[in-house]
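Asks: Give the three-dimensional model of this entry:
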Amino acid sequence: MQTLALRLAIISLALVVGTLSWRLAGGPSGLAYVALYALMAVPGLPLGFALFGRAHAAGWVAGTAIGYGLSAVLLWVAVQAKLPVGSGFILSAALAVGLFLGLRKVQPLVVVPTWARSDSLALALVMLIAPVLMWNPFTAIGSVDDKDNRRYRAYFTADFLWHIALTAELGRGDSPPRNPYMARRELNYYWAYFVPPAIVARTGMFPAQTALLLNAVCAGVTFVSTLFVIAWCIVPRAGPAALAVILVFLCASAEGVYAIWDLQTRGASLSQLRNTNTDAITAWFFETQTIDSLPRSLWYTPQHAAACGLGLMGLIVAGVGTAQHRIPAALIAGVSLGLSLIFSPFLGGVFAVMYGLTAAWTAGQAHGWRVSPTVRDVAFAGLAAVPVLAALGWCLAAGTFEGARGAVEIGLSARAAAAPIVLPLLSLGPVLIPAIAGVLVGARRWPLQASLAGLCAGFFLLYFVTLTLEPVWVGWRAGQVILVTMPPLLAALFAWLAERSRAAVAVLAIAVIAVGLPTTVIDWSNAQDVTNDHMGPGFRWTVVVRPDTQAALRWIREQTPADAVVQMSIAPRGRETWTLLPTFAERRMAAGKPISLLASPEYEQRSGEADAMFKTDAAAEAWRLARALRLDYVFVDHVERQAFGEAAIAKFYDQRFFTPVFSQGAAAVFAVR
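Replies: Residues are numbered from 1 along each chain as shown. You can find the predicted model right below:
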């Protein structure tokens, strides 16, 4: 019976992922991308098998996470070496062959509990979380209405549409990549996760948007798997581990219940939930930090989710298993941590610190805190720093940290201090309270050091670290650290309860679901709602791209040189269509205000110069400003016409200075003479 259930679960997972991929790609090519993602994971499998064995799911999951990271690095190396497109995949395959040959006789370096069929069943069921949560929001992206407008839900416009622009930029292969919102500058961002879809898009197999969506589905399934694996490795009970991951993923926040209660007490309609950022009630109502629940990691920030998954695999080595060969185990853990650092430097750095804390804690406990053997084991574990330092060198060479220097402040966060008790209770309460109980009942029985290190690190970041250029950002990353390391604590509680009363497990799970699930349901519903045209906090909930604008953007993408600089207005577009040209036309701008990058005075200065070009009625002055900005083309549509008036647009028709090259409806493109 258990075998049949496992087969049905695997078939269901394959059908859901396959059908979603087919739908996102508009045909069977979506399945080809899933196969390609699996091939990109292959270089990491020898390392995963070396750590945990090929008969253990931890080996496959860790190998998949590491393999994607290694492939991303190798693909970029091939691009920088000016090798033909596809050479990176050959390098990746060569690395895989070499590692398989070199490690084929290695016995598992880390001893973890034996994996059973019931554990595979639980893992397969948990993996379904990712495609189920992603299905409706992803298939709604860019939906076409009855007027041929394309519609994009807010928050996807802040992340996913920016990721399309980033992918287009990486596809050019420039070293270093340029900033699509300020063509004169290099791009200072952690872009490595996006290299594989960028290379795939560069080959012409898929548009950038499709490649990103398909990649995110595969990466999401991998991410969910890492949460289950670390929970199971710490508390090797299939049911408790699966239940813990499901609840942390779906029921972590009580903000939805609070939003419903608030509307009811004010006599307002529950339909107002459509106009509420439910997973940010702590910020909206209490002006404190906000923590994003894990579904948002799947929808908006797959690069951070991938970094967390890689970090978790390193933590298993530090605090869960018994390392038989400490030096190679530490080095492989370091590879995983290093790739985490490359994908998301802030999170990767935090996980590297957590690895060190966990290794020291584990060694101290194992040796009764005797100094000599504890120091010896910590020194062995510290060899993980070698790959991490190499990854740090990559980040420095790529300019990842430029612009962030001096922006991090240590000290009590003003935002967190605004509501220090409400913040964790609303954002994390449904799972945080049981997690604390899990510590109390499970600390002596299971190796909870890694999870406790995660809680300590996450709450320290939440309350004592501030990114001055974007104060809410640390809350999002701190929340991820807390949430991804929390499942083992809940699993410990559920395992302890199950040995005494299964009814108690059911009652607790129902209570957590009742308080926490509404947030995810509301957020999931809103993430797919592209019919809401109401104003949000400074932007519309749905961004609409009109047919004439689509035609102009397509003309720019197909008819202008790849390195052309095209400019639109900045201030009138605000936080709605701020990435219109880099995303849909795949062209750089001379000036912009990218809300997904760290703010700087230069963005303000350049944006003011660009808007001055639109404001003036004098063609000669507009031409002078355009030349100063080094523009090749100027783009306008209904936004510029409404903001500046037709007289200001008329100057672009003065063929002494500009040449009209495209016009349809309100949209037009002008070449700068």
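Asks: my guess is R444 is in a helix, correct?
Replies: No - read with DSSP: H, G, I helix; E, B strand; the rest coil, R444 is coil and lies in no helix.
Asks: what's the offset of the strand or helix carrying S118 from the middle of its chain?
Replies: For S118, the host element (DSSP states H and E) is helix 117-127. Between the centre of helix 117-127 and the centre of its host chain there is 24 Å, according to Cα atoms, centre = their mean, to the nearest Å.
Asks: for that helix, which positions count as buried?
Replies: For helix 117-127, a neighbour-count test (16 or more other Cβ atoms under 10 Å) marks 119-127 as buried. C-betas here are computed from N, CA, C, even on glycine.
Asks: what's the answer for stretch 455-463, then?
Replies: Within stretch 455-463, the residues that qualify as buried are 455, 457-459, 461-463, counting by 16+ other Cβ under 10 Å.
Asks: Throw those residues into JSON lines and include secondary structure and pLDDT, thanks.
Replies: Converted to JSON lines, the buried residues of stretch 455-463 look like this (DSSP: H, G, I helix; E, B strand; the rest coil; pLDDT from 0 to 100):
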{"residue": "L455", "secondary structure": "helix", "pLDDT": "96"}
{"residue": "A457", "secondary structure": "helix", "pLDDT": "96"}
{"residue": "G458", "secondary structure": "helix", "pLDDT": "96"}
{"residue": "F459", "secondary structure": "helix", "pLDDT": "96"}
{"residue": "L461", "secondary structure": "helix", "pLDDT": "95"}
{"residue": "L462", "secondary structure": "helix", "pLDDT": "95"}
{"residue": "Y463", "secondary structure": "helix", "pLDDT": "95"}
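Asks: what residue ranges in the chain score low on pLDDT?
Replies: By pLDDT under 70, the low-scoring segments of the chain are 1, 321-325, 402-406.
Asks: domains of it?
Replies: Following automatic domain parsing, one gets these domains for the chain: 2-527, 546-672.
Asks: Relative to P537, which of those domains is closest?
Replies: Closest to P537 of those is domain 2-527 (Cβ to Cβ; 7.6 Å).
Asks: ok now that closest one, how far from the chain's centre?
Replies: 8 Å.
Asks: residue ranges for the strands of the stretch 351-500 of the chain, please.
Replies: Under the criterion DSSP state E, counting those that start in this stretch, the stretch 351-500 of the chain contains strands at 408-410, 465-467.
Asks: Mind listing what's buried along the first one?
Replies: Which is strand 408-410. Neighbour counts over strand 408-410 (16+ other Cβ under 10 Å) mark no residue as buried.
Asks: Return the list of strands paired to that strand, each annotated with direction.
Replies: The strands beside strand 408-410 in its sheet (DSSP bridges) come out as strand 465-467 (antiparallel).
Asks: hmm, who's touching the strand it pairs with?
Replies: Contact partners of strand 465-467, identified using Cβ atoms under 8 Å, 6 or more residues apart in numbering, comprise 404, 407-411, 413-415, 473-474, 478.
Asks: one more time with 6 Å
Replies: The contact list for strand 465-467 (Cβ atoms under 6 Å, 6 or more residues apart in numbering) reads 407-409, 413, 473-474.
Asks: How about stretch 220-240?
Replies: Taking Cβ under 6 Å, 6+ apart as the rule, stretch 220-240 contacts 58, 61, 64-65, 112-113, 118-119, 122-123, 126-127, 129-130, 134, 241, 244-245, 298, 305, 309, 312, 316, 320, 446-447, 487-488, 491-492, 494-495.
Asks: dump the residue contacts of D119.
Replies: By Cβ under 6 Å, 6+ apart, the neighbours of D119 are A238.
Asks: next one: the one 5 residues further on
Replies: Counting by Cβ under 6 Å, 6+ apart, A124 touches 9-10, 13.
Asks: Just put the residues you listed in CSV and tack on neighbour count.
Replies: Listed next are the contacts of A124 as CSV, based on neighbours: other Cβ atoms under 10 Å:
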residue, neighbour count
A9, 19
I10, 16
L13, 19
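Asks: want to throw those residues into CSV with secondary structure and distance to M40?
Replies: Formatted as CSV, the contacts of A124 follow (DSSP: H, G, I helix; E, B strand; the rest coil; distance: Cβ to Cβ, whole Å):
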residue, secondary structure, distance to M40
A9, helix, 25
I10, helix, 21
L13, helix, 19
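Asks: hang on, the earlier thing: can you tell me which of the contacts of strand 465-467 is nearest G382?
Replies: Of all these, G382 sits closest to V408, with 24.5 Å by Cβ to Cβ.
Asks: quick one on the thing from earlier: between the contacts of strand 465-467, which is closest to A366?
Replies: Using Cβ to Cβ, V474 comes nearest to A366 of these, at 33.5 Å.
Asks: Identify the residues contacting R557.
Replies: Going by Cβ under 6 Å, 6+ apart, R557 touches 585-586.
Asks: please renumber so the chain begins at 255
Replies: Taking 255 as the first residue, the last one we looked at is R811.
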